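Colleague: here are the coordinates; sequence isn't available:
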């Protein structure tokens, strides 16, 4: 019995020693690989793609922000473990190794549909009506401006305070306008939630969302006839029973 217990104790100690040796081997291997990466992979070339909102130098300074960011492997691993995503208008960054001495930083911009101009800020929102950025910076990319909507204490992630029905109306309208290359300069809401589209010389009064697809189809047919004219195209009362569409000329401009 004593001999059996002794053999078991020796086997247990032997197993522990094997585990310790294995761990030491892993540590030594990691140190060797780390040293190799440090000496063999100094970072020499950095490229940036995916945005023109920032210069390449600004992106590099933002991502390569510590004294160890002179190594290709370190920069790659750091971005994987602690990715940055808090830059204005940028959703996230991806660092790709393109060689032993080079990386490529890919910027993924936030998807923006339009904006609301407040006193000091521009509130940018996406196709779901969700606020994705609040900034004092105006981005001139042809984003649609929305007027007649106010946001009290807006926060990124909040949905525009125009009600779910109006958000559905807005997103449906934008999809149809995009599809038909009819994006306006401004979309305006009145106190009843009715929408007016403003272009360079004319406006289109759509009213509510009733018969929206039919209204857009009619607009596509009519626009060539009013191109360059000043006035308002009225479709707010359009229906299957009332198909009359009136273009009200702007008297001041006509003079």
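Modeller: Sure thing, it's come through. Keep in mind the model is a prediction, meaning the values are calculated, not measured. Numbering: from 1, shown residues only.
Colleague: what residues are up against residue 42?
Modeller: Residue 42 is in contact with 70-72, 101, counting by CB atoms under 8 Å, 6 or more residues apart in numbering. Heads up, the C-betas are built off the backbone N, CA and C, glycines and all.
Colleague: can you flag which of those residues belong to helices?
Modeller: Counting by DSSP state H, the part of the contacts of residue 42 found in helices is residue 72.
Colleague: which of the contacts of residue 42 has the most neighbours?
Modeller: The most crowded member of the contacts of residue 42, judged by other CB atoms under 10 Å, is residue 72 (24 neighbours).
Colleague: my guess is it meets residue 43, correct?
Modeller: Yes: using CB atoms under 8 Å, residue 72 is in contact with residue 43, at 4.9 Å.
Colleague: who touches both of those two?
Modeller: Residues touching both residue 72 and residue 43 (CB under 8 Å, 6+ apart): 101-103.
Colleague: can you give me the helices in the stretch 1-150 of the chain?
Modeller: When assigned using DSSP state H, counting those that start in this stretch, the helices of the stretch 1-150 of the chain occupy the ranges 2-40, 56-63, 72-81.
Colleague: what's the last one in contact with?
Modeller: Under the contact criterion CB under 8 Å, 6+ apart, helix 72-81 has outside partners 37-38, 41-43, 63-64, 68-69, 93-97, 99-103.
Colleague: what residues of it count as buried?
Modeller: Within helix 72-81, the residues scored as buried using 16 or more other CB atoms under 10 Å are 72-76, 78-79.
Colleague: run the angle between that helix and helix 56-63 for me.
Modeller: For helix 72-81 against helix 56-63, the angle between stretch directions is 70 degrees (axes from the mean of the first three to the mean of the last three CA atoms, to 10 degrees).
Colleague: what kind of secondary structure is residue 220 in?
Modeller: Secondary structure, DSSP: H, G, I helix; E, B strand; the rest coil: residue 220 is helix.
Colleague: where in the stretch 1-150 of the chain is pLDDT low?
Modeller: Along the stretch 1-150 of the chain, the model assigns pLDDT under 70 to residues 1-16, 21, 25, 28-39.
Colleague: please state the offset of stretch 86-102 from the chain centre?
Modeller: Taking CA atoms, centre = their mean, to the nearest Å, one finds the center of stretch 86-102 at 16 Å from the center of the full chain.
Colleague: which outside residues touch that stretch?
Modeller: For stretch 86-102, contacts defined as CB under 8 Å, 6+ apart pick out 40-47, 51, 53-54, 59, 62-63, 72-73, 75-76, 79-80, 83-85, 103-110, 112, 124, 133, 135, 137, 139.
Colleague: measure it end to end?
Modeller: The first and last residues of stretch 86-102 sit 24 Å apart, counting by CA to CA, to the nearest Å.
Colleague: and what of stretch 175-190?
Modeller: Using CA to CA, the end-to-end distance of stretch 175-190 comes out at 21 Å.
Colleague: what comes up buried for that stretch?
Modeller: For stretch 175-190, burial by neighbour count (16+ other CB under 10 Å) applies to 176-177, 182-184, 187-189.
Colleague: now, which of those residues sits nearest residue 23?
Modeller: Nearest to residue 23 among the buried residues of stretch 175-190: residue 183, at 61.8 Å, using CB to CB.
Colleague: how about the closest one, what does it touch?
Modeller: When contacts are counted by CB under 8 Å, 6+ apart, residue 183 is found next to 142, 144, 174, 177.
Colleague: pop out the phi and psi values for the third one.
Modeller: Put plainly, it is residue 174. When quoted as degrees, to the nearest 10, the phi and psi of residue 174 stand at phi -60, psi -40.
Colleague: ok, the one 3 residues further on next?
Modeller: For residue 177, the backbone dihedrals (degrees, to the nearest 10) come out as phi -70, psi -40.
Colleague: pretty sure it contacts residue 184?
Modeller: Yes: look at residue 177 against residue 184 with CB under 8 Å: they come within range, at 7.1 Å.
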